[in-house]
Structures are given as C-alpha cells and as structure tokens.
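*Asks:* okay, sequence plus prediction incoming.
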Protein chains: 2
Amino acid sequence: MNTLVETDLTDAQVAPPAVPELVAALQAVLPAHCVLHREEDTRPYECDGLSLYRALPAVVCLPETEAQVQQVMRVCKRLNAPVVPRGAGTGLSGGAMPHSQGVLLGLSKLNRIKRIDADNALAVVEPGVRNLAISEAAAVHGLYYAPDPSSQIACSIGGNVAENSGGVRCMKYGLTVHNILRVRVVTIDGDIVELGSEAPDAPGLDLLAAFIGSEGMLGIVTEITVKLLPKPVCAQVVLASFPSVEAAGNAVTRVIAAGIIPAGLEMMDKQAVHMVEPFVQAGYDMNAQAILLCESDGTPEEVAHEVARMEAVLQDAGATRLQVSTSEAERLRFWAGRKNAFPAAGRVSPDYYCMDGTIPRRHLARVLGAIEQMEDEYGLRCANVFHAGDGNLHPLILFDSNKPDETERADKFGVAILELCVQVGGTVTGEHGVGMEKINQMCVQFSREELDTFLAVKRAFDPSCLLNPQKVIPTLARCAEYGKMHVHGGELRFPDLSRF
Amino acid sequence: MNTLVETDLTDAQVAPPAVPELVAALQAVLPAHCVLHREEDTRPYECDGLSLYRALPAVVCLPETEAQVQQVMRVCKRLNAPVVPRGAGTGLSGGAMPHSQGVLLGLSKLNRIKRIDADNALAVVEPGVRNLAISEAAAVHGLYYAPDPSSQIACSIGGNVAENSGGVRCMKYGLTVHNILRVRVVTIDGDIVELGSEAPDAPGLDLLAAFIGSEGMLGIVTEITVKLLPKPVCAQVVLASFPSVEAAGNAVTRVIAAGIIPAGLEMMDKQAVHMVEPFVQAGYDMNAQAILLCESDGTPEEVAHEVARMEAVLQDAGATRLQVSTSEAERLRFWAGRKNAFPAAGRVSPDYYCMDGTIPRRHLARVLGAIEQMEDEYGLRCANVFHAGDGNLHPLILFDSNKPDETERADKFGVAILELCVQVGGTVTGEHGVGMEKINQMCVQFSREELDTFLAVKRAFDPSCLLNPQKVIPTLARCAEYGKMHVHGGELRFPDLSRF
C-alpha cells in the first residue's frame, strides 16, 4: 500500500502513442486551456479518493461540450491511447487512477443542470453536476434525488453512475441504478448512443443497468436523466441498543420480515460506538454491544404509524434501550455519530482502511464474529459500521503505517474480509466499485466463464480495450498469478470458512 | 396478418444441419420422450400467444434437468442449429415462434420451486414455474411475488424473465427486472453463468438487467431467485369518472406529483367502458369520457390515509364521480371490468389486436387524441385500456378478418400507434416484448449505432447468432427494406406528428 504505481499497465496489442504525438492531436481538436500536459498541471489528477494507487497521466483533457468529448474519443481510438474518465475524484476504489500512457478525461466542466421537469419528477443533467446540487435545484418543487453517498456534497452524478453509488437511503429508495432513467453516452468511436428512456420499459436489451456501475469501461456519459422523488415532509429515527451483535442482526431481519422498509437502517458495533461517542456526543449507549439506527420518513401520520411498529418489533427483538428522535435537531444528532465514523477513526488511529463488501443479511452475526477473530489473527483493531438493511459492510481497519508491517497486515485483513463476503454468498463491493482495489478479489467472486462474459460485453463496446484498461475485470493471467479459485454461491472451497 | 411463416429465416453464415442429423444428435443426449420430431407432436408448438406468426420447428426438446439443457446447447452449437426457448407459450409478440430449421427448447418440465427463504423474502425457482404458483407457495409465510401479468395463472417465471413482464402492480412494485435477484444461465456453449446475487449490489458489469427482457437472445435461464414481498393486509380502490380523457390524464399526473404511488393506476376510455360494462356490470360510469382505477394497499391505517389523499387529489383534478370500494367483493368487482377488457373486446368484435407501447405520461391526452383521429383514418374502432401510471398503452384495435382489407388496416393502425409512441419520446414496448411483432418498429426506435451496440452485446453472448435468431434486433438490411429512419427523443423527423 501507499505504492506509487508508475509502471506501464497497458496490455493492449498495439502500443500507445508517444506522449508528444497524443498531446498534439488533442490540442488540434480542443481549446488550449482544455488540454493539460505539464507535470505541475497533471499532478493533481494522479489519484482519486483511494490515494494508495497513483499514476501520472500522459495528458489531462477537460472538455466543455459533448462534441469535444467525441473529438477526444476519436483521437484516442485513432492513436490507440487509453482513456480513463474521472468525475469529482472522490471514488474509493481507484477507478479514476490514471494510465501513465493515456488520457485522463475529466468531466467536471460538463456541469449544467439542463432541465428540471417537476410534473414528471425528473431532471436532465450533465455528468459533472454534484449529487447534492440536483436536490438543491429540485427543492423549489418539493423534490429531491434520493441516493446519498457520504461524499454527496462533492461527488458528481457522472461518478455516481460509473460506480453505482449507494448511501443511507438506498434500502428504501434504491442504488443509483434504480434512480436513473436514461444516459447519453459517447462511445470509443465517438458515436452517440442513448440507453434507457423516460418510459418505464425499453425494448431491446436493457443496457442501462449494465452501463451504470461499469466504472468507465463502456463509454463516457455526457447527459443523465435522473428520477426525482417528493421530499418527505417528516422523518424520525429510532435508536436501539442491543446486548449482542447477533441480537442486533436478528432485529434487522425482524424489521424487514415485518414488512417495514426503513428510510435508513444502520448498525454500529461497540468498537465503532466507543470510537464515535466521545468525539460527537451523539447520545449513543456506551454499554450496548451494537446499536441500530432505524429511520422512517413520509407524512406525519405515516411516520407516527411506522415508528410505532418499528419500536414494537425492535423491543420484541430484544432491544435493551429505545430512543425516538423528538425533534429534527435530535434526529440529526443521532445521525451525526454514524456520519462521523470515518473522521472518528482518523482521530483514534493514525491510519484506517475502509472496506466495502456486501453479504446476505442472515450472515451478519457470523461475519462480524469472524471479523472479530481476524482482529487477533492480524493483530489490528476493526470497527464496524454498516448499512445493515442492505447487508453492506464498511469495516474500518485501524493501523499505523509508520509501524513495521502494519500496512501489509491491514491489506491482508481487508482481503480476508472481502473473500469472506464471497464465501457467505455476498459480493466484494457494496457501493465503492472494484476499480484497482478489488480486482484480485474478482478472481474469487466469479468463475472464468463469468469473467469471460464480462470481457466479451466490454469488448462489444470497446474492442481495443482502451477505456479504463486493467481495472474491474481481471484477466486469466492475473487470476492465475493471484492463485485463488473462485468461491461461488456460499460454497466453501478456499479458504476454509469452517474455522469461524 | 394470419400469415403462416414457413420460410427459412436464418441468416447465419453456416447453414443449419439437416433435420435427421439434428434429431439423432439430440436423441443421443436426451431421453427419448424429451425429443419430439413428428409433425403431430411439434404442431402444438408452432406459435405462442401471437398466433399471427407460425412456423413448425424442426424438433422440440423438453429437457428435465439443467444438465440436459447444457447438452442441447452443446449439440446446437456444434451443428450450428438455431435454438428458440419457450416458456408457457403465452407471449404476445411472437418471441417463442419456432425456427423451421432449429430446436424449439421448451422449459416447462423445469418446474420445481427449490426453496422459499421467508426470513430473507426470496424464492429460488426453476423457469417453468407458473407466476402465480410462486405467490401460492409463499402465501403460508404471508409473502407474494409482486409482478402480475394478466396471464399470471398460466405464464411461467422463465417467460416473465425473457419478456420483462409487467402488470397492474408494476407502478408501485416494479417490472420483472425489479423483482429478480439472480439468474442461472446456460450459455450457447453449454457453460453455466450466474448473473446477479442475493446481495443488493454486484461487482463487475450488471448483466442481470440486460438478461431480463432479452427474449431468449443471450442464454437459457435454468434457475431464478425472485424477491418476495409481504402480502399487504388491506387494499381499497378508488373509481373516478372524468369529463375528458385529458382531465383523466392530468389527474394521473396530479396523483403522482402529490407523492402518491398507487398499487395500481389504470385508465379506460369511454369506448372501453361501453365495451366492458354491459358484459361485466362492474359499476362503471357510462357517462364518463374516461375512468380511473386507483388502488392503495398496506396496513388498514396506511390505506385509509392514502385513500383519503387520493380522493382529495382526484376531486381537485376534476373528477365528476368518486366511489371507494367498501368491501373486498366490491374491490374485485371494480377490477373485474378492467381485467375483462380483452374478452369484452372479443364479444363486440370478431377480431381485436392488442397493442403495447409506452409513452411519457405527460403525452397521454395528446396520444389518445391522435389515436382517435387514426380511427377515422383507418376506418376502425379502437378502445383504450392502459396502465396509466406507467404510461403503458394497450389500445385494442377492433376489426373483422373476414372483411376485405380490415386485417391490413388493423396492422397499419397498430404500426402507426407504435411509431407515435416513439415520436413523443416513448417506446414500442411496455411489457410484451418485441419478438417478431415489433422488429420493424425497432428501426424507428433506435439509431443504427444503438442497434449495433445491441448486436455487439448479443454476439458477446452468442457469436454465431443461434439463440432466437431474426427476432428483437433488426439488421441494417431489414431497416433499409422497411424504409424508415429512427425518430429519437421526441424529435419529429418522420412521419410528421404535427397533424395531431
């Protein structure tokens, strides 16, 4: 970790162009101020939010129009230059890490909100628009855009589309893929293709969902139609304490089995509570082994009714303490603990590594038990905060990169957690994508035939593999080198899960 | 129409095998009773629910296990034989019409419900399981499978996956694609690939949505994990009359703009009401120009609250009469009219042609006005029933195939409606797929680059184009022959919409 990746990553059949040739070709089609190639200008683009992986791009393009994006693509196709798209650079899996011999295509200047159609509850926006800016612009109509990644003040909707971003509200309102109606895409040939429509069904192949979360491998998005939802007039959160992680996990199942779909259902273990509470004073129960935050939103009548049902179910599931927010200020205070878990980790540990994996909810307690055993095995602490309703874990591995081999142990600990997620029938991503970070774990997640299917579809869009090469989908050679077989559908092949 | 399609449809580079060779190869890998090749045995498979298009398959295979499906695929791949999968044969766009030189692969014997996991609200089923059988099996746990195509008593979940089927509940609960977690697929090479997972997000490309609705072009589904939902304890429907189609269309928009998501939101025009009411005595207002059925489901408190809001919004939108069902019997009676619209059409007209297109809701009144003008133009009556909340139209064109040229006029009327849907920014399908029926309209719906993208993805799964060939995606030659350009995103290029 903390490695500067400056090696040549390309595995294309044809060599990429010389940098001066590439720069000259791009300068011929873009305004001068949209092409950056001196090191002092390109350095800020060397990594995204996962700063472990860095590379200096050969050139940075910052187009201002769709037509300019088409021109960049045609140049790259002609010269065989790799293209790595980038939104706001807040990604956590290295998906926007540049290619040292290619173009870093920044989309931040495509940042117009083109249309808000309140009657049909949709907005048409460019990819560089910030997630939160959409809700801000729609607020006058009483509408908002639901998916709320923690970085929503900074991250762009184009990046959300690339990573299929989630957030706290996603249990009730869905991931990015459930909130996008249509994308307009520039292909590697410079053609325009539209996927999806404002209508609920589309004929032919539904490639919209395949595009969302494709991490820049299929094309460059230049326009996005997002769904807007009526902003709930009221919200309350129930804060519940449990005597064990298992009891809290079972309570999550009980809430869902009761037919309640909370607007947020988050769990924190004792380690996370003890890390956060002294920092934020959110009012969390320091004696609980785990806490749940369970939110209801809607009309005041709906919320009152749903909160009463939530309380009954949580009580019945063995909650030792229940508090319901009585004001908007209290609701925000209850949430402040959860939302400040990452800064709180930074306060108690020199470094932390935020993992992102997903498991079937029924295995919550078992997986948390296994992570606790791993803390001993790797000699590092791990605090657990997660989107419990979705089974999306965010273990925070605490380490000190200045201590010998702690970084390496943290890395191995993280890998062990991700592979455990696969073993219990889950996945190596929740909402942060695969990017650079988890490409080896894809060898564990998928069979060769499945990876071949991904690669075949990737090549259907991008036969020369110029779009974000060497990310997301591992080659057979990489999997052979990594030396792991895939573990499928909860079958325990390798490594042995029976020890947990 | 009523054409028997017995011509050779293949456009593969390599000729399909001779029939005796194909039959012998299949008999070598399947039990004798699973291979039908005499005309009296294959004749029942000559068409699906769209009986306009028929072809006798070279051979019918009815495998009983996934391993047998794999064997069939390997034989077809080796011999270059086309494969057309078939579920219950209830499809309405000819997607399961056989290929005269290929295999009709019936999946009705793969009909086991493998597992119902009530805690996690999901079921694992084989493709031949009937849609309604899933809900029947889940009822003991208080759960059900939401999408409810009209044919749900007969149609299979495998066919629902192939067509991305909808139904009345889909506005609130989504189409098939929103209710499937995972599919297990046999590829044309006989390999097994799993798409999706029980976890909410999947790494790599989301090919599950692309597979759902792919109409048998990408692979053969052998196992499906469906989401189950808690069965609502209570439901009520509001029946509202309007003085014009426009007023009813605006009421639909108002309901949705108020943040209400009905469990069903259906519209019928006067023609449809007058066709249905004498037959069913549902209690519909014969003086209304259009009626709406607006359903609420949930707990009794939620329903009471939502129905009151629906009534207020509908009243405010100009409803001239409002009735709320006061018992389950009355609710079912209100629905009986809508659900018997097709038989009612059969009662007043020798033949009828049910169209299926989708439009942005804001164009409801305009499109219905245009259809009314078309009635004069084509000299045929058309009754309109539709999933108003989804903008999914089902115009019923009434005609008499025994009268000279009425069949041809009905066909042209249907094409004009579908192309109008595209012109206002909608699509040529809602929930019935493209199949044989709408392949020409795909030329109008999509640009050449978009169709090329579909074909490239199709070839990524099936390079020899053996899976359901010559359906869904038109070739460039076909579009040239059809002689229409695509009309995109509501732009009026051809034909001229300004006359409406």
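*Replies:* Thanks, I have it.
*Asks:* and A:Met73, how many neighbours?
*Replies:* 24 (other CB atoms under 10 Å in any protein chain shown). C-beta here means a position set from N, CA and C on the backbone, and glycine is covered the same way.
*Asks:* what about the closest residue to A:Gln271 other than its chain neighbours, neighbour count?
*Replies:* The shortest distance from A:Gln271 to any non-neighbouring residue, by CB to CB, 6 or more residues apart in numbering or on different chains, is to A:Ala383 (4.2 Å). Neighbourhood size, A:Ala383 [other CB under 10 Å]: 24.
*Asks:* and for A:Ala28?
*Replies:* The burial count for A:Ala28: 10, using other CB under 10 Å.
*Asks:* do the same with the one 4 residues further on
*Replies:* Other residues within reach of A:Ala32, judged by other CB under 10 Å, total 6.
*Asks:* what does A:Gln373 give?
*Replies:* 11.
*Asks:* likewise for A:Leu476?
*Replies:* The number of residues packed near A:Leu476 is 12, by other CB under 10 Å.
*Asks:* just to revisit the earlier point, OK, contacts around the residue nearest to A:Gln271?
*Replies:* A:Ala383 sits next to A:Met268, A:Asp269, A:Gln271, A:Ala272, A:Met275, A:Ala341, A:Ala345, A:Pro395, A:Leu396, A:Leu398 when contact means CB atoms under 8 Å, 6 or more residues apart in numbering or on different chains.
*Asks:* out of those, who's nearest chain B?
*Replies:* Distance to chain B across the contacts of A:Ala383 (CB to the nearest CB) is lowest for A:Pro395, with 15.7 Å.
*Asks:* and that closest one, that's in a strand?
*Replies:* Yes - using DSSP: H, G, I helix; E, B strand; the rest coil, the assignment for A:Pro395 is a strand.
*Asks:* kindly provide the distance from the residue nearest to it when sequence neighbours are not counted to chain B.
*Replies:* In this structure, A:Pro395 finds its nearest non-sequential neighbour in A:Met355, 4.6 Å apart by CB to CB, 6+ apart. Going from A:Met355 to chain B by CB to the nearest CB, to the nearest Å gives 13 Å.
*Asks:* now do the same contact list for A:Arg169.
*Replies:* A:Ala146, A:Pro147, A:Asp148, A:Ala263, A:Gly264.
*Asks:* okay, the residues you listed in JSON lines with pLDDT and neighbour count next?
*Replies:* Compiled in JSON lines, the contacts of A:Arg169 are given as follows (pLDDT from 0 to 100; neighbours: other CB atoms under 10 Å in any protein chain shown):
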{"residue": "A:Ala146", "pLDDT": "96", "neighbour count": "21"}
{"residue": "A:Pro147", "pLDDT": "96", "neighbour count": "27"}
{"residue": "A:Asp148", "pLDDT": "92", "neighbour count": "19"}
{"residue": "A:Ala263", "pLDDT": "95", "neighbour count": "23"}
{"residue": "A:Gly264", "pLDDT": "94", "neighbour count": "24"}
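*Asks:* from these, which land in strands?
*Replies:* A:Gly264 (DSSP state E).
*Asks:* any weak-confidence spans in the stretch 351-500 of chain A?
*Replies:* Low-confidence segments of the stretch 351-500 of chain A (pLDDT under 70): A:485-500.
*Asks:* now the helices for the stretch 151-300 of chain A?
*Replies:* For the stretch 151-300 of chain A, applying DSSP state H, counting those that start in this stretch gives helices covering A:157-163, A:170-173, A:208-211, A:245-257, A:270-280, A:300-316.
*Asks:* ugh, typo on my part, it should be the stretch 401-500 of chain A
*Replies:* Under DSSP H, counting those that start in this stretch, the stretch 401-500 of chain A gives helices at A:406-423, A:439-445, A:448-461, A:476-482.
*Asks:* what about stretch A:303-315, distance to the chain center?
*Replies:* 30 Å (CA atoms, centre = their mean, to the nearest Å).
*Asks:* buried ones in that stretch?
*Replies:* A:Val303, A:His305, A:Glu306, A:Val307, A:Arg309, A:Met310, A:Glu311, A:Val313, A:Leu314 (16 or more other CB atoms under 10 Å in any protein chain shown).
*Asks:* show me what contacts the first one?
*Replies:* Read that as A:Val303. If you count contacts by CB under 8 Å, 6+ apart, A:Val303 has them with A:Cys234, A:Ala235, A:Gln236, A:Ser296, A:Asp297.
*Asks:* output those in JSON lines, with pLDDT and distance to A:Leu56 appended to each entry.
*Replies:* Listed next are those as JSON lines, based on pLDDT from 0 to 100; distance: CB to CB, whole Å:
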{"residue": "A:Cys234", "pLDDT": "94", "distance to A:Leu56": "50"}
{"residue": "A:Ala235", "pLDDT": "96", "distance to A:Leu56": "45"}
{"residue": "A:Gln236", "pLDDT": "98", "distance to A:Leu56": "49"}
{"residue": "A:Ser296", "pLDDT": "97", "distance to A:Leu56": "49"}
{"residue": "A:Asp297", "pLDDT": "95", "distance to A:Leu56": "45"}
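*Asks:* which of those residues has the most neighbours?
*Replies:* Of these, A:Ser296 is surrounded by the most neighbours, 26 neighbours in total, counting by other CB under 10 Å.
*Asks:* ok, back up a step: what does the residue nearest to A:Pro395 show for phi and psi?
*Replies:* As for A:Met355, its main-chain torsions (degrees, to the nearest 10) stand at phi -90, psi 170.
*Asks:* OK, contacts around it?
*Replies:* Taking CB under 8 Å, 6+ apart as the test, what A:Met355 contacts is A:Leu393, A:His394, A:Pro395, A:Leu396, A:Ile397, A:Gly414, A:Ile417, A:Leu418.
*Asks:* domain assignment for chain A?
*Replies:* Domain assignment for chain A, taken from the TED database, gives A:20-106, A:113-230, A:234-407.
*Asks:* deepest in the core, which of these is it.
*Replies:* Stretch with highest mean neighbour count among the domains of chain A: domain A:113-230 (a mean of 22; mean count of other CB atoms under 10 Å in any protein chain shown).
*Asks:* first to last residue in it, what's the distance?
*Replies:* 19 Å (CA to CA, to the nearest Å).
*Asks:* quick revisit: from the buried residues of stretch A:303-315, which has minimum pLDDT?
*Replies:* For the buried residues of stretch A:303-315, the least confident position by pLDDT is A:His305, scoring 91.
*Asks:* from B:Glu328, how far out is the residue nearest to that residue when sequence neighbours are not counted?
*Replies:* Leaving aside its sequence neighbours, A:His305 sits nearest to B:Glu301 (CB to CB, 6+ apart; 5.2 Å). Per CB to CB, to the nearest Å, B:Glu301 is found 18 Å from B:Glu328.
*Asks:* show the contacting residues for the closest residue in space to A:Ser151 that isn't next to it in sequence.
*Replies:* Computed as CB to CB, 6+ apart, the closest residue to A:Ser151 that is not its neighbour in sequence is A:Thr90, at 4.4 Å. Applying CB under 8 Å, 6+ apart, one finds that A:Thr90 lies in contact with A:Asp48, A:Gly49, A:Ser151, A:Ala154, A:Cys155, A:Gly159.
*Asks:* three-state assignment of the second one?
*Replies:* Using three-state DSSP, the secondary structure recorded for A:Gly49 is coil.
*Asks:* residue in the stretch 251-400 of chain A with the shortest distance to chain B?
*Replies:* A:Gly259 (3.3 Å).
*Asks:* so that residue makes contact with B:Leu228?
*Replies:* No - using CB atoms under 8 Å, A:Gly259 is not in contact with B:Leu228; the gap is 10.9 Å.
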